[in-house]
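**Student:** pasting a predicted model and its sequence here:
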Amino acid sequence: MSTQSDLMIALAATSLVVAANAGISVGATIKNGGFEAVQIATQSANPADTPGWIRTGTPSEGPLWRSYDGTDGFLDCCGVAHAAEGRQFVTLGTGYRRAPASSTWTTTITDLNIGNQYRLEFLRAHEAGFSGPQTITVSIDGGPGINFTSLSADTTPYWNTWENKSLFFTATGTTASLSFSATTSFDIGLDNVRISAPVL
C-alpha cells in the first residue's frame with residue numbers, strides 16, 4: 001500500500017493515470033458528496049438515506065450521522081457528533097470497542113472528460129482520543145489504495161477535528177469508481193467528497 005500524500009500520486013495499473021500536463025476540468029460530479037440528500041434525526045443504517053453511495057463490509061454504528069446543534073443530532077454521555085460541512089457525514093469502522101474489521105463506501109464519479117486532470121478532495125476525522133490515529137484508504141477504479149492517516153491529536157469526542165485530504169488523477173473514461181475503505185475498530189469520519197481544479 002502507498003503512503004499518504006497531497007502531491008500527485010501515481011495510480012498505475014488503473015484506468016486513471018496521473019498526467020501533470022493534462023487538461024484541467026471541474027465539470028465532474030459526485031452525487032451526494034456531503035451526505036445531506038436525506039436528512040435524518042440522529043444516526044441511520046438505512047441504505048436509502050445515502051443515495052449515490054453503497055456501503056459494504058462489517059456493520060457498524062451509524063454509519064450516517066447527524067451533528068448535534070442543541071436541538072437534534074447525535075449525542076451521548078461522552079460527547080456529540082461534529083460534521084465537517086453541513087449537518088451530516090458517514091463513517092467507516094466497526095464501532096466503539098469492537099474488533100477491527102473492514103468496511104467500504106463506494107460511489108461513481110460521472111461527467112469526466114477523458115484526458116483531463118482532476119483533483120479529488122475529501123474531509124476525514126478520527127473519532128476521539130480513545131481511537132488514536134486512524135487510516136482511510138482511497139482507491140479509484142479498483143487501483144492501488146492510497147493511505148491517509150489522521151494527524152490531529154484532538155481528543156474531543158466525536159469527530160471534532162476534520163482534515164482535508166486530496167489526490168490528483170487524470171481520467172481515461174467518462175466515469176470512474178471511487179472507494180473509501182478502512183480496517184479499524186471505532187469509526188473514521190468521511191465528509192464533503194468533491195472534485196475541484198488543482199492548483200498548479
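**Tutor:** Cool, the structure landed. This is a predicted model, so every value here is computed, not measured.
**Student:** now stretch 121-137: buried residues?
**Tutor:** Buried residues in stretch 121-137, counted by 16 or more other C-beta atoms under 10 Å: 121-128, 131, 134-137. C-betas here are computed from N, CA, C, even on glycine.
**Student:** cool, and stretch 106-122?
**Tutor:** Thr107, Ile109, Leu112, Asn113, Asn116, Gln117, Tyr118, Arg119, Leu120, Glu121, Phe122.
**Student:** got these as a markdown table, with distance to Glu163 columns?
**Tutor:** Converted to a markdown table, the buried residues of stretch 106-122 look like this (distance: C-beta to C-beta, whole Å):
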| residue | distance to Glu163 |
| --- | --- |
| Thr107 | 20 |
| Ile109 | 21 |
| Leu112 | 26 |
| Asn113 | 29 |
| Asn116 | 27 |
| Gln117 | 23 |
| Tyr118 | 20 |
| Arg119 | 16 |
| Leu120 | 15 |
| Glu121 | 11 |
| Phe122 | 10 |
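**Student:** out of those residues, which are inside strands?
**Tutor:** Those of these mapping onto strands are Thr107, Ile109, Asn116, Gln117, Tyr118, Arg119, Leu120, Glu121, Phe122, per DSSP state E.
**Student:** out of the residues you listed, the closest to Ala84 would be?
**Tutor:** Phe122 (9.1 Å; C-beta to C-beta).
**Student:** can you tell me the SS state at the residue nearest to the closest one when sequence neighbours are not counted?
**Tutor:** Closest residue to Phe122 apart from its sequence neighbours, by C-beta to C-beta, 6 or more residues apart in numbering: Val193 at 4.5 Å. Following DSSP: H, G, I helix; E, B strand; the rest coil, Val193 is assigned to strand.
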